[in-house]
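>>> Give me coordinates for this.
(2 chains)
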Amino acid sequence: MVQVIDRRLNGKNKSAVNRRRFIRRFRNQIKKAVEEAVNERSITDIDSGEKINIPTRDISEPVFRHDTGGERDSVHPGNREFIPGDKFKRPSGSAGKGGKASNSGEGEDDFTFNLSREEFLDLFFEGLALPDLVKTQLATNVEHRKIRAGYTRDGVPTNINVIRSLKGALARRIALRGPYVKRMQEAKQELEDATEENNQDLTLELEDEIRHLKKRISAIPFIDSFDLHYNNRIKIPRPTAQAVMFCIMDVSGSMDEARKDIAKRFFIMLYLFLTRSYERIEVVYIRHHTTAKEVDEDEFFHSRETGGTVVSSALELMHEIIRERYPSNDWNIYAAQASDGDNWNDDSPKCRALLTEKILPLLQYYAYVEITPDEHQRLWHEFQTVKETNRNFAIKRIDEPADIYPVFRKLFRKKVA
Amino acid sequence: MTSKLLSETSEWTFDLILRYEKEIARIAANFGLDTYPNQIEIITSEQMMDAYSSVGMPVGYKHWSFGKHFLNVEQRYKRGQMGLAYEIVINSNPCIAYLMEENTMMMQALVLAHAAYGHNSFFKNNYLFQAWTNADAIIDYMIFAKNYIAECEQRYGEEKVELILDSCHALMNYGVDRYKRPPRLSANEERLRQSEREEYLQSQVNQLWRTIPKKKKDPKHEGENCFPREPQENILYFIEKNAPLLEPWQREIVRIVRKIAQYFYPQRQTQVMNEGWATFWHYTIMNQLYDEGLVSDGFIIEFLQTHTNVVSQPPFDSPHYSGINPYNLGYSMMSDIRRICEAPDDEDHLWFPEIAGSDWKETLDFAMKNFKDESFIAQFLSPRLIREMKLFSVLDDDRKRKLEVSAIHDERGYRRIRRSLANQYNLGNNEPDIQVYNVNIKGDRALTLRHKQDKRKPLHKTVHEMLKHLSRLWGFTVKLETVDTNGRSLNTHECVVKH
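Numbering: from 1, shown residues only, chains lettered A, B, ... in the order given. Alright, predicted model coming up:
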């Protein structure tokens, strides 16, 4: 007696719960691994999942067992030249031919596995949040969206739902015709009987009735205004789910490749972070030296320029773009600026004025990172004063690539209410 | 002449599986294999990975360690470092065997012969399985365990349940009765009696601790008040019954882990025999199919290639060597027993007077039913097989600077190699001998375990972690005393719990 069962259609993710528990349980170790992974590799890879290594000893499940040592006799196959009494050196390490082969996972090999993109980003941005003020602004920034909501009896002809209307008509026709059809069938039967009995009067009467019934049936309209159904759409409010991110970078001669790389990593991290809160994100790249220019991504990161630095040029351009293309009641606007702190001295106060008066009121958040190991210059000090008066403005300094992630975390750390 | 071939291509269909199954069942019955009814389940490779990580059981409670196992399997499978096992078979009635959809028809037939007839008949007939496992009830019990633990998680929180499970898993190997046979309980009784037991157990524990004396005596003078009276080998059982601070539901979880450990204990003791038996029978049955003209040349060549891989045994100096392959050892011994029965030479008559020349089916059946790995090897490993495998034994004594070859495949060495190899499969030798020795019921309730050191083999440093787990379950200080064979105390580990 045998039974063959096809289980292939049963779920395949029976282990998903256990996997999740594993990740929850070792959250701290995994998070550490995530941070290490971030610092080691190019951040552009982050968007996909991530291979994670954690030391085996952290997650081992202990059991009572023997350590090496003592006296043990072990049997092995494939003897070629040994005779009893042969002596040889103890192989180094416990897993040589002397020991039993499976000394059960003693090695310090890492335990490696893959996190999905979602899991990775969750851990990566854990504990971070967009600043509070953004949220209040988000809530008021409502726009309406129309969604389908069943059917309605009246509407404009373009919204007629044909299938639904014809279904209604069919039902109505069947319902209204019912009594007549039934009577007609009876009448026909009676007519047959009457013809057989040669009952002339009754025959005539019945023929009359049948004719009448036919007329009644054909009088039922194929479709009636009563049948018409229209697609219904209602408006629902929803918070703006789109954001624009301005990346502003100084490309004057003092910004070398290493600094640009740091800036790039920072921008990408911000971008990823925003993708978690917004459905749609546009990115505007502005680079500047003495003049500012809007460019595409490739040019932004790769082409080289030299010259002096006038930061206000970029801010002005940004303001212009916001005014033209991104009205702030429709868009959540974020800006990140990376610079080595060089600026033409007289320009820095102008930047401050621009920011406080024109730009910051339109923005959700403005993050300025200065990539320099050197002394701060005037721009930094001017921006410090901006920071004191504006909650949606933050400045931080990055010395080397390893600082990027910690700085990013500091900028967006969840504020405890 | 019409072809009798069951199939022409390597594609399988449900219909073909049934036809092969019928032929294999007929051949197996002719050879006298006695099996549970079969339930064959077709699954995908992803499902196979799931089955892997839940120790092969179709249902199981939730725990992170299974997730860890799963991630490991998944990662290695995806990188191509390992293939998935061709089959998983569950010791239940009906016997559940999984076939992977990726397999060819030949593989499906091989798995049927190997698992659905080989392992199946072993599960049904080996004395250890008969005595220690209850094939009718295991699936029900696993469902009970899963539901019970899920309920506890809801009631007491995942974390609390997880802590208990962690500690129980660590002690799983010490949750089996090695000598005493456990009482048999069906899953239904289990459910019915569970709540009753909770209350009862709790009251028993309270009884035990009520006898706190008024005067404090010297704890050395324990005499007749020594508890437990005799050392207890089943640590989890002892904890379930006696740990003072556990809640009833925690006791039940200890019990569940213990029961599952006990269920798997025979499998751990019969790896060589079980795989050897199943491999021997798939080889015999597949060849019979070929001899009867039911399968093609291509089929049998594909089979032989797979079979050869399964039983390959790299020599000790090969980079692929990772110990003795249980499939190879078991298969070789089973085949060797058949040879001794059918064509014994003088040596065989000398070494195996009872079985040389006897009926091979009966002899094999006897061997399968009444032994475990250790005794099977001690009884049936023949000099000829020792020569064929070129076995040798190495003595590793940490007091000497060099390793010494203690025996090779010659007249003087056969017995020593056989004894040594048998010992290698004695679970009692591989795991440290640790037993519950004493509880200080009059004082601080400290639990003392005793480790009897065997051949000066030291404990691994995991002992510290282990004592933490133990004290989590016990609730008070736990000590572990290592003694040598003369009972002389060598050293003591301790995990102090302050209240």
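
>>> Let me see the confidence value for the residue in the stretch 251-400 of chain B that chain A sits nearest to.
Residue of the stretch 251-400 of chain B nearest chain A, by Cβ to the nearest Cβ: B:Pro315 (2.3 Å). Glycine gets a C-beta too; all of them are placed from N, C-alpha and C. For B:Pro315, the pLDDT comes out at 91.

>>> cool, B:Leu165 as well?
Reported pLDDT for B:Leu165: 93.

>>> okay, now A:Lys51: neighbour count?
By other Cβ atoms under 10 Å in any protein chain shown, 14 other residues sit near A:Lys51.

>>> doesn't A:Leu9 fall inside a helix?
No. Assessed by DSSP: H, G, I helix; E, B strand; the rest coil, A:Leu9 does not belong to a helix; its assignment is coil.

>>> Could you check how far it is from B:Asn103?
Distance, A:Leu9 to B:Asn103, using Cβ to Cβ, to the nearest Å: 18 Å.

>>> who's more crowded, the two?
Between A:Leu9 and B:Asn103, B:Asn103 has the larger neighbour count (other Cβ under 10 Å), namely 18 against 7.

>>> Contact residues of the stretch 151-300 of chain B facing chain A?
Residues of the stretch 151-300 of chain B found near chain A (Cβ under 8 Å from any Cβ of the partner chain) are B:Glu158, B:Glu162, B:Asp166, B:His169, B:Ala170, B:Met172, B:Asn173, B:Tyr174.

>>> Assign the closest residue to the residue of the stretch 251-400 of chain B closest to chain A other than its chain neighbours to helix, strand or coil.
Using Cβ to Cβ, 6 or more residues apart in numbering or on different chains and skipping the chain neighbours, the partner closest in space to B:Pro315 is A:Gly78 (2.3 Å). Assigned with three-state DSSP, A:Gly78 falls in the coil class.

>>> Identify the residues contacting A:Gly78.
With contact set as Cβ atoms under 8 Å, 6 or more residues apart in numbering or on different chains, A:Gly78 has these partners: B:Gln313, B:Pro314, B:Pro315, B:Phe316, B:Asp317, B:Ser318, B:Tyr321, B:Met389, B:Lys390.

>>> sec struct for the first one, please.
When states are read from three-state DSSP, the local structure at B:Gln313 comes out as coil.

>>> what sits against it?
So B:Gln313 contacts A:Pro77, A:Gly78, B:Ile324, B:Asn325, B:Asn328, B:Leu329, B:Met389 (Cβ under 8 Å, 6+ apart).

>>> in chain A, what secondary structure element scores lowest on mean pLDDT?
helix A:132-140 (a mean of 48; mean pLDDT, DSSP states H and E).

>>> Residues contacting the helix or strand following that helix from elsewhere in the structure, which ones?
Next along the chain after helix A:132-140, taking DSSP states H and E as the criterion, comes strand A:142-152. Strand A:142-152 has contacts (Cβ under 8 Å, 6+ apart) with A:161, A:164, A:229-240, A:330.

>>> Nearest spatial neighbour of A:Val235, chain-adjacent residues omitted?
Actually, residue A:235 is Lys. It isn't Val. A:His144 (4.5 Å).

>>> Return the per-residue confidence for the residue in the stretch 351-499 of chain B that chain A sits nearest to.
Nearest residue of the stretch 351-499 of chain B to chain A (Cβ to the nearest Cβ) works out as B:Lys457 at 3.4 Å. Looking at B:Lys457, its pLDDT stands at 87.

>>> you'd agree it is in a helix?
No. Applying three-state DSSP, one finds B:Lys457 to be coil, outside a helix.

>>> For it, give me its contacts.
Counting by Cβ under 8 Å, 6+ apart, the residues that B:Lys457 touches are A:His66, A:Asp67, A:Gly69, A:Gly70, A:Glu71, A:Arg72, B:Pro432.

>>> Phi first, then psi, for residue 125.
Since no chain was named, I'll use chain A. A:Phe125 adopts backbone torsions of phi -100, psi 20, taken as degrees, to the nearest 10.

>>> hmm, I had chain B in mind actually
Residue torsions, per degrees, to the nearest 10, at B:Asn125 are phi -110, psi -20.

>>> wait, it sits on B:Asn370?
No. Taking contacts as Cβ atoms under 8 Å, B:Asn125 lies outside contact range of B:Asn370: 9.5 Å.

>>> Compare the two and say which one has the larger neighbour count.
Neighbour count, other Cβ under 10 Å: between B:Asn125 and B:Asn370, B:Asn125 has more, with 17 against 14.

>>> now the residues of the stretch 151-300 of chain B next to chain A in JSON lines, with secondary structure and neighbour count?
Below are those laid out as JSON lines (DSSP: H, G, I helix; E, B strand; the rest coil; neighbours: other Cβ atoms under 10 Å in any protein chain shown):
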{"residue": "B:Glu158", "secondary structure": "helix", "neighbour count": "16"}
{"residue": "B:Glu162", "secondary structure": "helix", "neighbour count": "19"}
{"residue": "B:Asp166", "secondary structure": "helix", "neighbour count": "17"}
{"residue": "B:His169", "secondary structure": "helix", "neighbour count": "19"}
{"residue": "B:Ala170", "secondary structure": "helix", "neighbour count": "22"}
{"residue": "B:Met172", "secondary structure": "helix", "neighbour count": "18"}
{"residue": "B:Asn173", "secondary structure": "helix", "neighbour count": "21"}
{"residue": "B:Tyr174", "secondary structure": "helix", "neighbour count": "27"}
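
>>> which of those lies closest to B:Gly428?
Minimum distance to B:Gly428 across those is 10.9 Å, recorded for B:Asn173 (Cβ to Cβ).

>>> My understanding was that that closest one contacts B:Ala261; is that so?
Yes. Using Cβ under 8 Å, B:Asn173 makes contact with B:Ala261 at a distance of 7.0 Å.

>>> residue with max distance from the center of chain A?
Taking Cα atoms, centre = their mean, the residue of chain A most remote from its mean C-alpha position is A:Asn198, at 84.2 Å.

>>> any idea of the pLDDT on it?
Value for A:Asn198, per-residue pLDDT: 79.

>>> And it, how close does it get to A:Tyr334?
97 Å.

>>> so A:Val244, which of the three states?
Applying three-state DSSP: A:Val244 is strand.

>>> Tally up the residues packed near it, please.
23.

>>> which residues does it bridge with?
A:Glu282, A:Ile333 (DSSP bridges).

>>> tell me the domain boundaries of chain A?
A:13-60+A:110-124, A:157-232, A:240-412 (automatic domain parsing).

>>> rank those by pLDDT, which is bottom?
Minimum mean pLDDT among the domains of chain A: domain A:13-60+A:110-124, a mean of 74.

>>> and that domain, how far from the chain's centre?
For domain A:13-60+A:110-124, the distance from its own C-alpha centre to the chain's C-alpha centre is 18 Å (Cα atoms, centre = their mean, to the nearest Å).

>>> what about that domain and chain B, any contact?
Yes. Applying Cβ under 8 Å from any Cβ, one finds domain A:13-60+A:110-124 touching chain B at A:13-15, A:17-26, A:59, A:111-114.

>>> Just the buried ones among the residues you listed, please.
A:14-15, A:18-19, A:21-23, A:25-26, A:59, A:111-113 (16 or more other Cβ atoms under 10 Å in any protein chain shown).

>>> farthest-separated two in the residues you listed?
Pairwise over those, using Cβ to Cβ, the maximum falls at A:Lys14 and A:Thr112, 22.2 Å.

>>> what two of the contacts of B:Gln313 are the furthest from one another?
Using Cβ to Cβ, those span at most 13.0 Å, a distance reached by A:Gly78 and B:Leu329.

>>> if I read this right, B:Asp177 contacts B:Gln232, doesn't it?
No. Counting by Cβ under 8 Å, B:Asp177 sits too far from B:Gln232 to count as a contact (9.9 Å).

>>> ok, and what's touching the helix or strand hosting A:Ile210?
Assessed by DSSP H and E, A:Ile210 sits inside helix A:200-219. Around helix A:200-219, the neighbours that count as contacts under Cβ under 8 Å, 6+ apart are A:Arg177, A:Tyr180, A:Val181, A:Arg183, A:Met184, A:Ala187, A:Lys188, A:Glu190, A:Leu191, A:Ala194, A:Thr195.
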